[in-house]
Each structure stands twice: as C-alpha cells, then as structure tokens.
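Visitor: Need a 3D model of the sequence below.
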Amino acid sequence: MANNAFIDVFRVKELRQRIFFTISMLIVFRLGATLPIPGIDINALKLYFMSQQGSSNIGITEYIDFFAGGAFKNFSIFMLGIMPYISAQIIMQLLLLVIPSLKRMSEEDGGRKKVQRITRYATLVICILQSYVVTVYANSIPNAITMGRLQYTIIAMLTVTTGTVFLIWIGGQITQRGEGNGISLIIFAGIVARMPNAFITLFRMVKSGEINTVHVIIVIAMFVAVVALVIYEQQGQRKIPVNYAKRVVGRKMYGAQSTYIPFKINPSGVIPVIFASSVLTFPLQIAGNLGPEVKWLASFSYWLRPQGSPYIIIYTLLIIFFAYFYTQVTLNPVEIAKQIRENGGSIPGIRSEKMEEHLSKILNRIVLPGSMFLAFIAIIPTIVQKLFNFPIAVAMLMGGTSLLIMVGVDLDTMSQIEGHLRMHHHDGIMKKGKIRSRNL
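Guide: Purely as a prediction, here's the structure:
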C-alpha cells in the first residue's frame, strides 16, 4: 500500500506533537475570543449591533471585528487581537531605518532581543491607548456596562491589555513548539472561524431573494480564479545566476560552482497587506469608537470608512509602500552584492561594481507588479460588495486581506510539515514538485 501523506504526518512523533500543540493553542485563542470582559452585558451588545445593522459605524466595527476573529463584537478579552503587536513592529521597523544608533544596537550581540523587548513595551502602550478607546465605545452603547464607569474602565483596560499580551505569548509558543509562524496562524484562525457564519448569512440572503443566485455563482467562480492566481503568484520566482570561482576555506579547496539567487515575484508575501491593514485599523478604531463623543472624529470615521474611495486609495498606496519597504529590509541589494563578492562570486555579464545597481533594478521590476497585484486582490471585497450587494462578512472572505493571509499561511504551514516529513525520510505532502515557504 502506498504511503499516505496524512497518515505519515501522525507517524512522526515530533511532527505529531507540534501539530497537536498548535491546535491546542489555537483552541485556547478561540475560547478567549468568546469570553466577555467583566462588566459587559452580552444581550445589550447583541441588541445594539442588530439595531445598527447597515450604518457606517457598524461597517467600521465589522472591519475591526474581522481582524480580531469575531472577538471585537463580543467585547472579549482578546478583542484587540494581535494588531497592537503588529503596529508596534511596524513602528520599530521604521525607527530602525530612521535612527542610526538604534540600527547599530540591533546589529550588536543581543541586539535583536533588545529590539524585541522595546517592541513589546511599545505594544503595551498601544494596548493601553486602544483599550481606553474601547471603554469609551462601550459607554456609548445603552445598558452595555453593568458596573460603575471608572471601575469598568480600569478592569477593561487591564483585561484587554493582558489578553493581547497573552496572545503574543501564545504566538511565540506556537513558533517555538508548534508549526511555526504563531502570529500569522492566530490571524489565520480568526479568519477561518468567521467562515461558517458568513456562509450561513449568504445562504439566508439567497433563500430570501436578497441576492441573486447567478451573482453567487459568478462570485464563487471569481473566488476560485483568484485563489489560483494568488498561489501561482506566491510560488513564482526570478532566478539570478551566480558563478563562484575556486576558493580555499581553511584547509579545504572548494571547486567552481554555479547557483542562483531566487527572487520571488512578491518577496514580502502578505506582510504589506497585514501592515497596511494594521496601520489603517488603528485610526479607524479610535475614530469609530470615540465618534459618538467627538464630532470631528465621527466625520473622519465616515470619511475613512472601509468602503469609501479615500480608504481604498490610501490602502493601495500603503500596500505598495510596505511592499518596497519590507523588500528593502529583507533583501538589501548592497548586502547581497557584498556577500557575493566576499565569497568570490559574480553575476554573468555584470561587472562587480555594477552588481548592486543590477540587483536593485531587478527587485524594483519585480516588486512593482507584485505590489500592484496585492493591492488589486485587497480591494476585491469592496468590488464584490458594491456590484453584487454581498454582506461585508462574506465579501471580505471572498478576497482581499483574508484570502492572501489564508493562502500564504496555508502554503507556509504545508511547507513546514513537508520539511519535517522529508527530514524523517518520508515522502512530502506533494507527490510532484515542492511547496515553497512564504516565510511569513
């Protein structure tokens, strides 16, 4: 009997333990997403959100709730999700480029741990700010708070901040003891958890005649086509040939060899989309939650609503910016050229002093279409909602950030599992070819 890849996964003890540990941590995350903050009346929340269905404010709430995996509308202990940590990472990455002393510190022994510590402190500050905004929002919901406002504010801020810190810890544990990429898997689990309710809502709307069945078939066909395009794009790469001359390292002689540098069509994967979403979610949450008490914030909240033109334009520009930014951080042409020269390598047809310019030109040509493709996929939910009158929850699953994250994380997780199987002399998941990791 031929080996079955699924059975092989559970035959390898280490891999089996990692998978079960990952699943158990994700179950803890989903349980926490349903546990409300002390002092919140769940029934009052449900009545409020039902009465606000279709308003601009609820659209913002749906958007924030989407990235929190449904935890935001539950006012759960994980209602801020992992986004404060991602926001802190973005700020830290930008500071590393702007402040030379911080950059030098990160390159010293133990510098990476110091940067991570500063990022966690920044996460705490962002959590405290966002948790306070959440308490103001809760106070605007009739009968939602069952205790004194000051008491609720203190308890809610402590609970929500602790919840986000605990999520960061869970992500770290999954990375170390599970199947890796804990933060990405937490976002992935939150998106997947929304799918059943979204499709139940879609079925009810089709049954009641609110949505045409033909439109549903068109959107599903579009969804399948987009998934295929995303997989094809994320697996594609440009190979830069590199030749190495004979060299002596210690007492060993290494012969001449030819290899290549694999530049992916989109080197940064889904990171630009996650970063752009995080950057926009932060002001959206503050403006949307404080809107009832501050008039100009209410106007700003409506102006920056997820379905509006300003939001789409800013979102697209941010994706393109972060695609270039993250590629520059992870694939610095100057550093790559330096390493090639130090190891006695050369790129055929390119002079040594022109190597940086050649690599930069190739990266720029790759990143521009790749980032524009990401931006196009990211605005698909808005197109689906506008053209076919789909509910927000369903439209966001049919494309955009959710689709890119689901496909990217799935490819990366399968790559991790395949690597473990091959290391233990088993066949990989794929009978032909090889799954390429996205390194999220």
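Visitor: pLDDT below threshold where in the stretch 1-150 of the chain?
Guide: When the per-residue scores of the stretch 1-150 of the chain are filtered using pLDDT under 70, the ranges that remain are 1-6, 8, 52-60.
Visitor: CA-only coordinates of stretch 107-121 in PDB, if you can.
Guide: What follows is the C-alpha trace of stretch 107-121 in PDB, where atoms were taken according to Å, rounded to 0.1, in the frame of the first residue of the first chain:
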ATOM      1  CA  GLU A 107      23.300  44.600  14.900                       C
ATOM      2  CA  GLU A 108      25.200  44.100  18.200                       C
ATOM      3  CA  ASP A 109      25.300  40.900  20.200                       C
ATOM      4  CA  GLY A 110      21.900  40.500  21.900                       C
ATOM      5  CA  GLY A 111      20.600  43.500  19.900                       C
ATOM      6  CA  ARG A 112      17.800  41.500  18.400                       C
ATOM      7  CA  LYS A 113      16.500  40.700  21.900                       C
ATOM      8  CA  LYS A 114      16.700  44.300  22.900                       C
ATOM      9  CA  VAL A 115      14.600  45.300  19.800                       C
ATOM     10  CA  GLN A 116      12.000  42.700  20.700                       C
ATOM     11  CA  ARG A 117      11.900  44.000  24.300                       C
ATOM     12  CA  ILE A 118      11.300  47.600  23.000                       C
ATOM     13  CA  THR A 119       8.600  46.300  20.600                       C
ATOM     14  CA  ARG A 120       6.800  44.600  23.500                       C
ATOM     15  CA  TYR A 121       6.900  47.800  25.600                       C
END
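Visitor: Contacts for it, please.
Guide: By CB atoms under 8 Å, 6 or more residues apart in numbering, the residues outside stretch 107-121 that reach it are 85, 88, 89, 92, 96, 102, 105, 106, 165, 168. Quick note: C-beta positions are derived from backbone N, CA and C, even for glycine.
Visitor: Now, those residues that are in helices?
Guide: Taking DSSP state H as the definition of helices, the contacts of stretch 107-121 contribute 85, 88, 89, 92, 96, 102, 105, 106, 165, 168.
Visitor: and the gap between the second one and residue 282?
Guide: Okay, so that is residue 88. Residue 88 sits 11 Å away from residue 282 when distances are taken as CB to CB, to the nearest Å.
Visitor: give me the low-pLDDT residue ranges for the stretch 251-400 of the chain?
Guide: 251-256, 288-293, 393, 398-400.
Visitor: Please, where are all the strands along it?
Guide: Along the stretch 251-400 of the chain, the segments classed as strands by DSSP state E, counting those that start in this stretch run 252-254, 257-264, 345-346.
Visitor: Can you tell me which of those strands is most buried?
Guide: Among those, strand 345-346 has the highest mean neighbour count (mean count of other CB atoms under 10 Å), at a mean of 18.
Visitor: Packing partners of it?
Guide: Packed against strand 345-346, as judged by 3 or more CB pairs under 8 Å, 6 or more residues apart in numbering; DSSP states H and E, are the following elements: strand 237-244.
Visitor: now the strand it packs on against strand 257-264, angle please.
Guide: Counting by axes from the mean of the first three to the mean of the last three CA atoms, to 10 degrees, strand 237-244 points 150 degrees away from the direction of strand 257-264.
Visitor: change the start of the numbering to 54 and stick with it
Guide: From this message on, residue numbering opens at 54, which makes the last subject strand 290-297.
Visitor: and strand 290-297, which strands flank it?
Guide: With DSSP bridges as the criterion, the sheet partners recorded for strand 290-297 are strand 310-317 (antiparallel), strand 398-399 (antiparallel).
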